[in-house]
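K.L.:
Provided below are the primary sequence and the corresponding predicted coordinates.
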Amino acid sequence: MGAGGLGSPVLLYLAAAGVGHVRIVDGDRVELSNLHRQVIHTQEAVGARKELSAQAAVGRLNDRTRTSVHGRLTPENAVRIVRGCDLVVDCSDNAPTRYLVNDACVVAGVPLVSAAAVGLEGQLTVYNYRGGPCYRCLFPRPPQPQHCQRCSEAGVLGVVPGVMGTLQALEAIKVLTGKGDVLSRRLLLFDALAGKFREMKLRGRQEGCAACRADPSVLEATVASTSYAAQCGGAMDDAVPALALLGREHRVACEDYFRLRRELWADGLPYASASTQLIDVRPAREFAFCALADSTNIPLDELPDRVPELKDLKRKGDAAGQPHQVFVVCRRGNDSQRAVELLRREGLDAKDLIGGLAGWREAVDASFPHY
């Protein structure tokens, strides 16, 4: 399930190992900005359907491995795709797909090798294996959408999904061959920055689980009729929707902000000490990787606690006849809008940079890192 960052090494290693038939499920298209982690695809394949690009790569590696391709996974086709498989490898990166794949595997009685990779961290386990718990046993209720960032939103170092996908392939081979100690009832955690793995013991199958304790025929009907996107509060594809939380008067184009900054420097004002302040609300780890000059990092979850110091700057600016104005930036222009909503409720003059740092790269500085 998925031919992206995790699915790339999974597909290549399973084909190289001689797996006889692989079903590839992915409804997205190859994008240049994803190739740093989706190494099964090439620059020549940009714009092509991912499942077809991955199928071609598997064929070049091992023409004895038979492949069949499926487009977008839906509640209507999930059980049909999964049924008849020996196992499923979940290489998706969003909660709705994870719950859908889990439920389909429970209906079909198929083990599920599941991994995740975001930023510099990864995790891996095997669900629904020889009486072990399913995904819903451990996470009966979907988390809030704001707590579920995917690679396209939070960014990821390309080798991290490479490591986790390779480990997924290893677990898949162990399940298929019946050899080794499969990662069932255990969660493997990977910290790329520290270069360390650690393991957590997971609880077993739960009596009240809505999936693995349900009648399979009833669950199958439930799967087909459930809107997993609505249930989890998020989309089942990799596209990041552009939010529109603010009116145009509370937003500024990146090129306009660039001109404002240039004018301040031309007037001899050190930008950081001017009455205009730029706040970057990304996590500290992302800010350390790349940031605009003279921006101040206040992660979004810390912003409510930092409002008093911003109000103090406003009072000082008002007293000096220089009203304090705040601009807010994030990676894509969504979290910055949430931040501006909060700041304006507190009486601060705040605007967000439309499109965030991705917009800055496109409109102002093409050399700014893209991640």
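P.N.:
Great, that's in hand.

K.L.:
number of nearby residues for residue 17?
P.N.:
15 (other Cβ atoms under 10 Å). (Glycine included, C-beta is placed from N, CA and C.)

K.L.:
Would you mind measuring from it to residue 180?
P.N.:
According to Cβ to Cβ, to the nearest Å, residue 17 stands 14 Å off from residue 180.

K.L.:
Show the subsequent helix or strand relative to the helix or strand bottoming out on mean pLDDT in the chain.
P.N.:
Lowest mean confidence among the helices and strands of the chain (mean pLDDT, DSSP states H and E): helix 151-154, at a mean of 61. Note on helix 151-154: by DSSP states H and E, the next helix or strand toward the C-terminus is helix 159-177.

K.L.:
Residue 193 - nearest residue in space that isn't next to it in sequence?
P.N.:
Nearest non-adjacent residue to residue 193, counting by Cβ to Cβ, 6 or more residues apart in numbering: residue 120, 4.8 Å away.

K.L.:
OK, contacts around that neighbour?
P.N.:
Contact analysis of residue 120 by Cβ atoms under 8 Å, 6 or more residues apart in numbering lists 156, 157, 160, 191, 192, 193, 285.

K.L.:
Need the max-distance pair from those.
P.N.:
The two members of the contacts of residue 120 with the most space between them (Cβ to Cβ) are 156 and 191, at 13.7 Å.

K.L.:
More neighbours: which of those two?
P.N.:
Neighbour tally, residue 156 and residue 191, criterion other Cβ under 10 Å: the higher count belongs to residue 156, 25 against 13.

K.L.:
got a pLDDT number for that one?
P.N.:
Looking at residue 156, its pLDDT is 86.

K.L.:
That one contacts residue 122, correct?
P.N.:
No: using Cβ atoms under 8 Å, residue 156 makes no contact with residue 122, being 9.0 Å away.

K.L.:
low-scoring pLDDT stretches of the stretch 151-300 of the chain, where are they?
P.N.:
Counting by pLDDT under 70, the stretch 151-300 of the chain contains low-confidence residues at 151-154, 234-242, 264-275.

K.L.:
hmm, try it at 50
P.N.:
270-273 (pLDDT under 50).

K.L.:
what about the strands in it?
P.N.:
Secondary structure of the stretch 151-300 of the chain by DSSP state E, counting those that start in this stretch: the strands cover 186-191, 196-201, 251-252, 276-280, 296-297.

K.L.:
So which of these is nearest residue 102?
P.N.:
Smallest distance to residue 102 across the strands of the stretch 151-300 of the chain (Cβ to Cβ): 15.0 Å, for strand 186-191.

K.L.:
what comes up buried for that closest one?
P.N.:
187, 188, 190 (16 or more other Cβ atoms under 10 Å).

K.L.:
Contact partners for residue 333?
P.N.:
242, 243, 352, 353, 354, 355, 356, 358, 359.

K.L.:
separation between residue 156 and residue 192?
P.N.:
10 Å.

K.L.:
again, but for residue 211
P.N.:
Here residue 211 is placed at a distance of 32 Å from residue 192 (Cβ to Cβ).

K.L.:
more crowded one of these two?
P.N.:
For the pair residue 211 and residue 192, the greater number of neighbours falls to residue 211 (25 against 17), based on other Cβ under 10 Å.

K.L.:
could you measure that one against residue 168, distance?
P.N.:
Residue 211 sits 21 Å away from residue 168, going by Cβ to Cβ.

K.L.:
again with residue 72
P.N.:
Residue 72 is 21 Å from residue 168, by Cβ to Cβ.

K.L.:
which of those two has more neighbours?
P.N.:
It is residue 168, of residue 72 and residue 168, that has more neighbours when counted by other Cβ under 10 Å, with 27 against 13.

K.L.:
So that one sits against residue 116, correct?
P.N.:
No: between residue 168 and residue 116 there is no contact under Cβ under 8 Å: 10.3 Å.

K.L.:
overlap in contacts of those two?
P.N.:
By Cβ under 8 Å, 6+ apart, residue 168 and residue 116 have these common neighbours: residue 124.

K.L.:
Secondary structure class of residue 4, three-state.
P.N.:
Secondary structure assignment for residue 4 (DSSP: H, G, I helix; E, B strand; the rest coil): coil.

K.L.:
Check residue 22 too.
P.N.:
Here residue 22 is recorded as strand under three-state DSSP.

K.L.:
Can you verify my assumption that residue 62 contacts residue 21?
P.N.:
No: the criterion here is Cβ under 8 Å, and residue 62 misses it with residue 21 at 11.8 Å.

K.L.:
okay, the two: which has more neighbours?
P.N.:
Neighbours per residue, other Cβ under 10 Å: of residue 62 and residue 21, the larger number sits with residue 62, 17 against 11.

K.L.:
Quick check: the gap between that one and residue 27.
P.N.:
Residue 62 is 24 Å from residue 27, where distance means Cβ to Cβ.

K.L.:
Any idea what the closest residue to residue 121 other than its chain neighbours is bridged to?
P.N.:
Nearest non-adjacent residue to residue 121, counting by Cβ to Cβ, 6+ apart: residue 191, 6.0 Å away. According to DSSP bridges, the residues that bridge with residue 191 are residue 121, residue 196.

K.L.:
What of residue 326?
P.N.:
According to DSSP bridges, the residues that bridge with residue 326 are residue 277, residue 350.

K.L.:
who are the neighbours in contact with it?
P.N.:
276, 277, 278, 279, 310, 343, 348, 349, 350, 351.
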